[in-house]
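In: Here is my input, please return the structure:
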Amino acid sequence: MAEYLSERLSKILEKEIKAIPVGGKLPSERTLVARYGASRNIIREVLKSFAERGIIEIIPGKGARVVDFTKQKFTQNLEKIIEKNKTSIKDIVEVRESLEIQVFLKAMERATEEDYEVLRSLIDKMDGAKGDPELYNKYDIEFHLALADTTKNKMYSFLIYNLYELTDKQLFLITKINPEMMKSAQLEHKGILEAIKNHDAKRILELAHVHFTDILTILSK
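Out: As a prediction, this is how the structure comes out:
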């Protein structure tokens with residue numbers, strides 16, 4: 001009986017989840033229990049199965065939210081390839097450098113004033129978070145993803161997102177162990193944004209090289 005309820009509820013909830021945009025939150029467990037008359041254990045079992053399939057992400061103490069299934073699957077497959085070929089984080093950062101240089105140059109051509117406002121806002125948030133490596137790292141990633149969005153090419157955003165998914169934890173440890181790196185990285189962020197705004201391709205290339213060389217130097221130690 002419980003298995004039947006679980007399967008039935010799974011089909012109903014999957015339809016409900018498809019109507020929620022990526023990033024949107026699911027109703028709380030208490031709400032789902034009241035809405036469908038199922039036990040909390042069954043609700044949790046169904047949500048856990050969705051999380052294992054990459055449809056939702058369960059955040060302890062905050063509930064569940066919808067994630068981009070395509071991105072999840074791509075990241076998982078990429079992780080398998082990387083593990084099989086014993087790819088290092090240094091290799092991934094080198095690829096990111098090549099890709100992000102193109103993002104910076106495309107941003108120079110396509111960024112709007114609205115894009116610049118978003119980027120400046122994220123730089124301000126990073127300025128205010130330099131005493132908190134975890135929060136700084138969060139805004140740092142958002143800044144680079146926002147730059148990818150300015151290209152108006154979803155493939156850049158998709159690839160940058162997945163490369164950050166693969167290196168996020170390791171790069172957070174770098175900023176945690178080397179807090180001084182946040183200061184230099186922040187100067188580089190500001191310089192890159194200014195060079196993009198001024199359509200200064202030469203300066204973009206110079207700063208991008210410095211920005212990623214700093215990371216690669218630490219990784220090589």
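In: C-alpha only now, for contacts and for neighbours.
Out: Will do.
In: Which residue, other than its chain neighbours, is closest to Ile59?
Out: If the residues on either side of it in the chain are set aside, Ile59 comes closest to Arg65, at 7.9 Å by C-alpha to C-alpha, 6 or more residues apart in numbering.
In: Please, which helix or strand holds that neighbour?
Out: In the assignment (DSSP states H and E), Arg65 maps to strand 63-66.
In: Contacts for that strand next, please.
Out: Residues lying outside strand 63-66 but in contact with it, judged by C-alpha atoms under 8 Å, 6 or more residues apart in numbering, are 17, 20-26, 28-29, 55-59.
In: Quick check on those: which are buried?
Out: The neighbour-count test (16 or more other C-alpha atoms under 10 Å) applied to these identifies Ile17, Lys25, Leu26, Glu29, Ile55, Ile56, Glu57, Ile58 as buried.
In: From the residues you listed, which land in strands?
Out: Cross-referencing the buried ones among the contacts of strand 63-66 against strands under DSSP state E gives Ile56, Glu57, Ile58.
In: Mind checking which residue lies nearest the centre of this protein?
Out: In the chain, the C-alpha closest to the average C-alpha coordinate belongs to Tyr161, at a distance of 5.0 Å (C-alpha atoms, centre = their mean).
In: So that residue sits against Ala146, correct?
Out: No - with contacts counted by C-alpha atoms under 8 Å, Tyr161 stays clear of Ala146, the gap being 10.2 Å.
In: Can you report how many residues neighbour Glu117?
Out: 11 (other C-alpha atoms under 10 Å).
In: Give the rounded mean pLDDT of the host helix or strand of it.
Out: Secondary structure assigned from DSSP H and E places Glu117 in helix 113-128. Here helix 113-128 scores 93 as its mean pLDDT.
In: what ranges of this protein fall below the confidence cut-off?
Out: By pLDDT under 70, the weakly predicted segments of the chain are 1-4, 54, 68-85, 87, 166-179, 218-221.
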